[in-house]
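[1] structure for the following, please:
(one chain, ligands or ions: 1)
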Amino acid sequence: MARRKKIYEGKAKILYEGPEPGTIVQYFKDDATAFNAQKKDVIEGKGVLNNRLSEFFMLGLSQIGVPTHFIRRLNMREQLVRSCEIIPLEVIVRNFAAGSLSKRLGIEEGTQLPRPIVEYCYKDDALGDPLVTEEHIAAFGWASQQDMDDVLSLALRVNDFLSGVMLAVGIKLIDFKIEIGRVYDGDFQRLVVADEISPDSCRLWDIETGRHLDKDVFRRDLGSLTDAYSEVARRLGVLPQTAPTKPTLIN
Ligand code: UDP
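    Residues are numbered from 1 along each chain as shown. The predicted model follows:
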């Protein structure tokens with residue numbers, strides 16, 4: 001059997017060369033990391049859940065006309081995506097204060113923000129993904145002004161979509177992070193939502209109880225991460241209603 005070529009291994013995913021040119025296979029690992037990988041664990045079933053949840057969100061986005069890199073899910077842990085050039089920014093959208101924003105500005109977690117706030121961090125693990133402004137992005141040539149106009153509008157569309165989908169199942173979208181990639185069609189480039197959208201990269205709170213249903217469960221030792229992610233998947237109909245704690249997936 002031919003061995004496929006590994007392109008990159010990150011904290012939560014491995015990327016392999018895809019079957020056709022311009023495609024990549026994204027493999028979702030069970031590894032969980034936090035605080036720039038200072039805290040690590042293996043959470044059985046996390047990769048399977050994130051593969052399914054990311055598929056669900058990416059398909060929903062393309063159904064409302066937001067371009068993504070997603071092509072199709074291949075199996076429990078893998079999905080086929082379009083290869084793209086990732087803009088080296090973490091695009092964060094916040095609806096309620098939490099995490100680093102609460103610390104930085106002294107705003108109590110859970111406080112509703114006057115409007116969605118979009119922030120950019122420069123993707124560099126060695127530097128701890130520092131917060132940057134559009135001045136830095138333009139001056140260092142990480143993205144053009146046209147790119148940034150498109151990034152902002154994509155980020156806000158993703159926010160409206162995810163907020164609505166979550167609200168419908170009793171979950172408040174506190175904040176999330178996305179990554180944006182460039183794809184080339186002949187002489188033209190366009191931007192697509194890339195990487196993943198999952199409870200690893202969102203803050204999700206139950207509307208009634210305030211229960212955390214995201215990676216803060218791992219970051220802050222709040223219980224079982226698999227239970228939290230399974231609950232999100234179950235509410236969205238990605239898992240059967242009677243799902244046990246270990247993910248039993250429907251096709
Ligand atoms: N986030 C992420 N990857 C990162 C940093 C942040 O997915 O490397 C997500 C995080 O899960 C949260 C949002 O972006 O949903 C805002 O994170 P914040 O800046 O508050 O950072 P944290 O408190 O996690 O350090």
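[2] and the nearest residue to residue 54 once chain neighbours are set aside, how far is that from the ligand?
    Leaving aside its chain neighbours, residue 54 sits nearest to residue 196 (4.3 Å; criterion: C-beta to C-beta, 6 or more residues apart in numbering). (Glycine included, C-beta is placed from N, CA and C.) Residue 196 is 9 Å from the ligand, where distance means C-beta to the nearest ligand atom, to the nearest Å.
[3] do the same with residue 20
    29 Å.
[4] cool, residue 145 as well?
    Distance from residue 145 to the ligand, by C-beta to the nearest ligand atom: 24 Å.
[5] does the ligand have contacts with stretch 34-46?
    No. Figure legend: stretch 34-46 not in contact with the ligand (C-beta under 6 Å from any ligand atom); closest approach 7.3 Å.
[6] span of that stretch from start to end?
    Length of stretch 34-46, first residue to last, C-alpha to C-alpha, to the nearest Å: 14 Å.
[7] how about that stretch: buried residues?
    34, 43, 45-46 (16 or more other C-beta atoms under 10 Å).
[8] ok, stretch 5-23 next?
    For stretch 5-23, by 16+ other C-beta under 10 Å, it's 12-16, 18.
[9] now do it: distance from first to last residue.
    Termini of stretch 5-23 sit 12 Å apart (C-alpha to C-alpha).
[10] quick check: the residue lying closest to residue 84 once chain neighbours are set aside vs the ligand, distance?
    Spatially, and ignoring its direct neighbours in sequence, residue 84 is nearest to residue 181 (3.0 Å; C-beta to C-beta, 6+ apart). Separation of residue 181 from the ligand (C-beta to the nearest ligand atom): 16 Å.
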